[in-house]
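Return a 3D structure for these sequence lines:
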Amino acid sequence: MAELTDIEKNELITQITREHDEGLNYVRPKREQYRQRVVRWNKQRKGTDKININMIANSIDTMIATSYTD
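Coordinates of the predicted model:
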């Protein structure tokens, strides 16, 4: 493979930067939308006196799975 000239290297770096920026600008609104969804739907701070319902469901699933036989 031939060595790239300085001009070709600069053009390649410019192209990579441009493609990166274009991709970033494309996904940025979706990432912000998902971030807002997580903040809105998932309480980030849970009370220490509260029970985690997911933990209870996982425990029940685990107990059922360990007692299951074919």
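
what residue ranges in this structure score low on pLDDT?
1, 42-47, 51-52, 70 (pLDDT under 70).

Three-state assignment for the residue of the chain most remote from its centre, please.
What lies farthest from the middle of the chain is residue 2; by Cα atoms, centre = their mean that is 38.7 Å. Judged by DSSP: H, G, I helix; E, B strand; the rest coil, the three-state class of residue 2 is coil.

just the helices in the chain please.
Here the chain has its helices, by DSSP state H, at 6-41, 53-67.

Now those in CSV, please, with extra columns for mean neighbour count.
In this view, the C-beta of every residue, glycine as well, is placed from N, C-alpha and C. Listed next are the helices of the chain as CSV, based on neighbours: other Cβ atoms under 10 Å:
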stretch, mean neighbour count
helix 6-41, 10
helix 53-67, 9
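
sorry, back to before: got the contact list for the residue farthest from the centre of the chain?
With contact set as Cβ atoms under 8 Å, 6 or more residues apart in numbering, residue 2 has no partners.

Residue 25 versus the residue nearest the centre of the chain, what's the distance?
Centroid-nearest residue in the chain, with Cα atoms, centre = their mean: residue 31, separated by 8.5 Å. In this view, residue 31 and residue 25 are 11 Å apart by Cβ to Cβ, to the nearest Å.

overlap in contacts of the two?
Common neighbours of residue 31 and residue 25, using Cβ under 8 Å, 6+ apart, do not exist here.

gap between residue 57 and residue 64?
Counting by Cβ to Cβ - residue 57 and residue 64 are separated by 11 Å.

should've said residue 18
Residue 18 is 53 Å from residue 64, by Cβ to Cβ.

Kindly report the same for residue 10.
For residue 10, the distance to residue 64 - Cβ to Cβ - is 62 Å.

One more: residue 30?
37 Å.

swap in residue 13?
Residue 13 is 56 Å from residue 64, by Cβ to Cβ.

and if you look at residue 24?
In terms of Cβ to Cβ, residue 24 sits 44 Å off from residue 64.

How about residue 20?
Distance from residue 20 to residue 64, by Cβ to Cβ: 47 Å.

Can you pull out the residues in contact with stretch 8-20?
With Cβ under 8 Å, 6+ apart as the test, stretch 8-20 has contacts from residue 4.
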